[in-house]
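Asker: sequence and predicted structure, then a few things I'm wondering about:
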Amino acid sequence: MVALTSLSPGPPRPSPSPATPRRRPPAPKPHVYASSRRRGRILRAATAAAATPGADDYHSTIRSLNSRGRHVPRKSLGQNYMLNSKVNEELVAAAGVEEGDVVLEIGPGTGSLTAALLQAGATVFAVEKDKHMATLVKDRFGSTEQLKVIEEDITKFHIRSHFLPFMKEKYHATKKLAKVVSNLPFNVSSEVVKLLLPMGDVFSVVVLMLQDETAVRLADASIQIPEYRPINVFVNFYSKPEYKFRVDRENFFPRPKVNGAVISFKLKNAEEYPPVSSPKSFFSMVNSAFMGKRKMLRKSLQHLCSSSEIEAALDNIGLPVTARPSDLILDDFVRLHNHLTKV
């Protein structure tokens, strides 16, 4: 990985004479992990949308990252920072953030999305794993009461223990639900989705920036295609997903190899969940079914019931006895589970 200092335009040039007008050098283009041969080169202009005055563009992002000593984006943490303030505004709009909302933000980075959330009138509870970035966000926004930054790994963070008291303090006696809005590191997207979607009693909507391919798969997965997985059943059990818009990779620094996309999950409350005796038992069955994705269910679920009992249950719900997991939608799995648990 190349140090950020190697992305600067190079050594300073001699000052021009008074008669020579000063020209602002073009903004270097965000680049991912340049090789040593490219160090010191002047990179091409950044995305035009990212060059809006006052926005979190390439130059301001580099200044932020270096404000407390040299800091290189860490690939292991999936750190790709948004350079386009318009995308942040659209992300906030997709969540319908309004004055007085409490928002959980995961991985605020340099605070570009945080700024858009605060501008919309939200109170932001930001969880940041990287100590350097957590300090940077605190410094950027000072001591505002509208922002609380926690240095923690979201996958290990107990939301109900730490976020709920904060939310109750802000909402007082009301039962209003919070929202989640985040430019999420792509490498933890599945873990975070599984963590947040069952929390319909805490959040009304979860709006995330994910890898485009992942967002497409979660929002519009059809049966009998290779991408159909247990996560699709999970997502539709707990929420109503909607693909919002794609974000080209040129809008990030460092530039990732793939495009991003914004997806919205409108969370269901417990009364809206499909009627199963136990969600834990239900998803155990679903996961078992997909362990042998090409196998017929009467084979892959034999540890639960006999083949004849599974065939009888399939026939009872109107499915062929040779059905495979990719043949079943959410409602089919629900009915199959309910029949098998009665056996």
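Answerer: Yep, it's here. Small disclaimer: the values here were computed from a predicted structure and weren't measured.

Asker: ok, now which ones touch residue 333?
Answerer: Shown in contact with residue 333 (C-beta atoms under 8 Å, 6 or more residues apart in numbering): 233, 282, 285, 286, 289. The C-beta positions use only the backbone N, C-alpha and C, and glycine is treated the same way.

Asker: can I assume it sits in a helix?
Answerer: Yes - counting by DSSP: H, G, I helix; E, B strand; the rest coil, residue 333 is found in a helix.

Asker: what about the stretch 151-300 of the chain, any weak spots by pLDDT?
Answerer: Counting by pLDDT under 70, the stretch 151-300 of the chain has low-confidence residues at 173, 253.

Asker: helices of the stretch 151-300 of the chain, start to end?
Answerer: Counting by DSSP state H, counting those that start in this stretch, the stretch 151-300 of the chain has helices at residues 159-171, 189-196, 212-219, 230-238, 279-291, 297-300.

Asker: quick one, which of the ones you listed is nearest to residue 342?
Answerer: Checking the helices of the stretch 151-300 of the chain against residue 342 by C-beta to C-beta gives helix 279-291 as the closest, at 12.3 Å.

Asker: got the contact list for the closest one?
Answerer: Residues contacting helix 279-291 (C-beta under 8 Å, 6+ apart): 198, 229-230, 233-234, 237, 273-274, 276, 297, 300-301, 303-304, 325, 328, 333-334, 336-337, 340-341.

Asker: list buried residues within those.
Answerer: The neighbour-count test (16 or more other C-beta atoms under 10 Å) marks 198, 229-230, 233-234, 237, 274, 276, 297, 300-301, 304, 325, 328, 333-334, 336-337, 340-341 as buried among those.

Asker: just the buried ones from the contacts of residue 333?
Answerer: Buried subset of the contacts of residue 333 (neighbour count, 16+ other C-beta under 10 Å): 233, 282, 285, 286, 289.

Asker: redo the residues you listed as TSV? Include distance to residue 212.
Answerer: Output for the buried ones among the contacts of residue 333, formatted as TSV (distance: C-beta to C-beta, whole Å):
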residue	distance to residue 212
233	22
282	30
285	31
286	26
289	28
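
Asker: and which of those residues is nearest residue 169?
Answerer: Comparing the buried ones among the contacts of residue 333 against residue 169 with C-beta to C-beta picks out residue 282 as the nearest, at 35.2 Å.

Asker: buried residues in stretch 235-252?
Answerer: Buried residues in stretch 235-252, defined by neighbour count with 16+ other C-beta under 10 Å: 235-239, 241-244, 247, 249-252.

Asker: need the CA coordinates for it. CSV is fine.
Answerer: Extracted C-alpha coordinates of stretch 235-252, given in CSV (Å, rounded to 0.1, in the frame of the first residue of the first chain):
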residue,chain,number,x,y,z
VAL,A,235,-33.7,-10.5,4.6
ASN,A,236,-37.3,-11.0,3.5
PHE,A,237,-38.3,-12.6,6.8
TYR,A,238,-37.2,-9.5,8.8
SER,A,239,-37.6,-6.7,6.3
LYS,A,240,-38.8,-5.3,3.0
PRO,A,241,-35.7,-4.6,0.9
GLU,A,242,-35.5,-2.0,-1.9
TYR,A,243,-32.5,-1.2,-4.2
LYS,A,244,-32.2,2.6,-4.3
PHE,A,245,-29.3,3.6,-6.6
ARG,A,246,-25.8,2.7,-7.8
VAL,A,247,-22.7,4.6,-6.8
ASP,A,248,-19.7,4.4,-9.2
ARG,A,249,-16.5,3.4,-7.7
GLU,A,250,-14.8,6.7,-8.8
ASN,A,251,-16.7,8.4,-5.9
PHE,A,252,-14.5,6.6,-3.3
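
Asker: so how far is it off the chain centroid?
Answerer: With C-alpha atoms, centre = their mean, to the nearest Å as the basis, stretch 235-252 stands 8 Å off its chain's centre.

Asker: and what of stretch 97-104?
Answerer: From the chain centre to the centre of stretch 97-104 is a distance of 18 Å (C-alpha atoms, centre = their mean).

Asker: and if you look at stretch 274-290?
Answerer: 25 Å.

Asker: heads up, I number from 49, so please use that
Answerer: New numbering, starting at 49: the last item is stretch 322-338.

Asker: may I have it exported as PDB, CA atoms only?
Answerer: Output of stretch 322-338 as PDB, limited to C-alpha atoms (Å, rounded to 0.1, in the frame of the first residue of the first chain):
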ATOM      1  CA  PRO A 322     -44.000 -15.000   9.100                       C
ATOM      2  CA  PRO A 323     -45.800 -17.300  11.600                       C
ATOM      3  CA  VAL A 324     -43.200 -19.800  12.800                       C
ATOM      4  CA  SER A 325     -43.000 -21.400  16.200                       C
ATOM      5  CA  SER A 326     -39.300 -20.500  16.500                       C
ATOM      6  CA  PRO A 327     -37.200 -18.300  14.200                       C
ATOM      7  CA  LYS A 328     -34.100 -20.100  15.500                       C
ATOM      8  CA  SER A 329     -35.500 -23.500  14.500                       C
ATOM      9  CA  PHE A 330     -36.800 -22.000  11.200                       C
ATOM     10  CA  PHE A 331     -33.400 -20.700  10.100                       C
ATOM     11  CA  SER A 332     -31.700 -23.800  11.300                       C
ATOM     12  CA  MET A 333     -33.800 -25.700   8.800                       C
ATOM     13  CA  VAL A 334     -33.200 -23.200   6.000                       C
ATOM     14  CA  ASN A 335     -29.500 -23.300   6.500                       C
ATOM     15  CA  SER A 336     -29.500 -27.100   6.500                       C
ATOM     16  CA  ALA A 337     -31.500 -27.100   3.300                       C
ATOM     17  CA  PHE A 338     -28.900 -25.000   1.500                       C
END
